[in-house]
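K.L.:
fold the following for me, if possible:
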Amino acid sequence: MKKILLFVLLIFLSSCIGDETKFIHGNLWKITSERGIESYIFATVHLYPKSEMKISEKAFSNLEKCKILVLEIDITDTLAYKKISNYEMPEYFKNASNAIISEYGYENLESMENELIQYATEKGVAITGLESADEMLEIMDRFDESEFSQSEMNHDKLIKVFKETFEVYKEENIKAVHDTMFNQKPKMMKLIVNERNQNWLDDITKLVEKDPTFIAVGMAHLGGKNGILNLLSKKGYELKRM
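P.N.:
Prediction:
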């Protein structure tokens, strides 16, 4: 149950994004550094029904080329995972977790992060995170639940958001995430997506300048003028949709 709650948290943390850019479609992108090192950034949906979707083979084959898998948080770190599991999450995320488990059943849900971790471990790829548990929980401490209406807390609305998330993911439509979410939750977008993207940027650039790196973060973090793709492009990195 606690692991499901963590991935539900990541899903809804990734549901608000910034302004529109030329990066309209694409779940997998190649990043080429000035030194010619090829890395990849992969959009995840965090949690999904096993029967309705799966990670693309392109993602796995490119992960295998890399020396390190970088997640939002390294959930293989026992201490970090324990901190997050013991944190008292806002009611919105608790309700979302209960709704998703009720709708699909615990045994029918899959985590992209777990799949990537398993594959990386099998292939001898190292694993790390872009932020610590403390950094993520500091963001959560500033989460303003008052932005969510009571109607957004009910089962049907939560499932609707969940289903829309992975439908847009299957379409690889970053712009659609922007169009549906930016105007609804601008304050949350700035806190949960834009701020975290800026915090991650230095670590990402250091990683891709050193070794072939596979970065896997929620879909919402890729798009918008403050999205990772645009931020890397502004720094002079060559980006190519795979």
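
K.L.:
where does the residue lying closest to Y237 once chain neighbours are set aside land in three-state SS?
P.N.:
Leaving aside its chain neighbours, Y237 sits nearest to I31 (5.4 Å; criterion: Cβ to Cβ, 6 or more residues apart in numbering). To be clear about C-beta, it is placed using only N, CA and C from the backbone, and glycine gets the same treatment. Classification of I31 by DSSP: H, G, I helix; E, B strand; the rest coil places it in strand.

K.L.:
does I31 touch L232 like I think?
P.N.:
Yes - using Cβ atoms under 8 Å, I31 is in contact with L232, at 6.2 Å.

K.L.:
identify the contacts common to these two.
P.N.:
Applying Cβ atoms under 8 Å, 6 or more residues apart in numbering, one finds that I31 and L232 are jointly contacted by I41, L239.

K.L.:
all strands for this protein, in order.
P.N.:
Secondary structure of the chain (DSSP state E): strands at 28-32, 38-44, 47-49, 68-71, 109-111, 126-129, 213-218, 238-241.

K.L.:
pick the most deeply packed of these.
P.N.:
strand 213-218 (a mean of 26; mean count of other Cβ atoms under 10 Å).

K.L.:
so that strand versus strand 38-44, what angle?
P.N.:
Strand 213-218 runs at 20 degrees relative to strand 38-44, counting by axes from the mean of the first three to the mean of the last three Cα atoms, to 10 degrees.

K.L.:
where in the chain is pLDDT low?
P.N.:
Along the chain, the parts satisfying pLDDT under 70 run over 1-21, 145-151, 178-184.

K.L.:
spatially speaking, which residue is in the middle of this protein?
P.N.:
G218 (1.6 Å; Cα atoms, centre = their mean).
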